[in-house]
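Trainee: sequence first, predicted model second:
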Amino acid sequence: MIDTWKFFSQTGNIETYLLMKEMENSSSSDEWQQSENEEASTEETNV
């Protein structure tokens, strides 16, 4: 994964920095949602 702050400090491109942060947050949200779905599936099969 790219360190967004390091990238910004080297390039000074605020638009790219903000876009990368948004993509990181979206990725984290997707991973959290996937984890929640997997836990729910496991609980259903254990019942």
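Mentor: Perfect, I can see it now. Numbers count the residues shown, from 1 in each chain.

Trainee: for stretch 17-29, give the mean pLDDT please.
Mentor: In this model, stretch 17-29 carries a mean pLDDT of 85.

Trainee: in that stretch, what counts as buried?
Mentor: For stretch 17-29, the neighbour count (16 or more other C-beta atoms under 10 Å) marks Tyr17, Met20 as buried. For the C-beta atoms, the positions are set from N, CA and C on the backbone; glycine is no exception.

Trainee: can I get it in CSV, CA atoms only?
Mentor: Provided in CSV are the C-alpha atoms of stretch 17-29 (Å, rounded to 0.1, in the frame of the first residue of the first chain):
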residue,chain,number,x,y,z
TYR,A,17,-3.8,12.9,-1.9
LEU,A,18,-7.5,13.4,-1.2
LEU,A,19,-8.5,10.9,-3.9
MET,A,20,-6.1,8.3,-2.4
LYS,A,21,-7.4,8.9,1.1
GLU,A,22,-10.9,8.4,-0.1
MET,A,23,-9.9,5.2,-1.8
GLU,A,24,-8.2,4.0,1.3
ASN,A,25,-11.3,4.7,3.4
SER,A,26,-13.5,3.0,0.9
SER,A,27,-11.2,0.0,0.9
SER,A,28,-11.2,-0.2,4.7
SER,A,29,-15.0,0.0,4.7
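
Trainee: how deep is the nearest residue to Tyr17 once chain neighbours are set aside tucked in, by neighbour count?
Mentor: Closest residue to Tyr17 apart from its sequence neighbours, by C-beta to C-beta, 6 or more residues apart in numbering: Phe8 at 3.8 Å. If you count neighbours by other C-beta atoms under 10 Å, Phe8 ends up with 16.

Trainee: one more: Thr16?
Mentor: Applying other C-beta under 10 Å, we find 13 residues neighbouring Thr16.

Trainee: which ones are touching it?
Mentor: If you count contacts by C-beta atoms under 8 Å, 6 or more residues apart in numbering, Thr16 has them with Phe7, Phe8.
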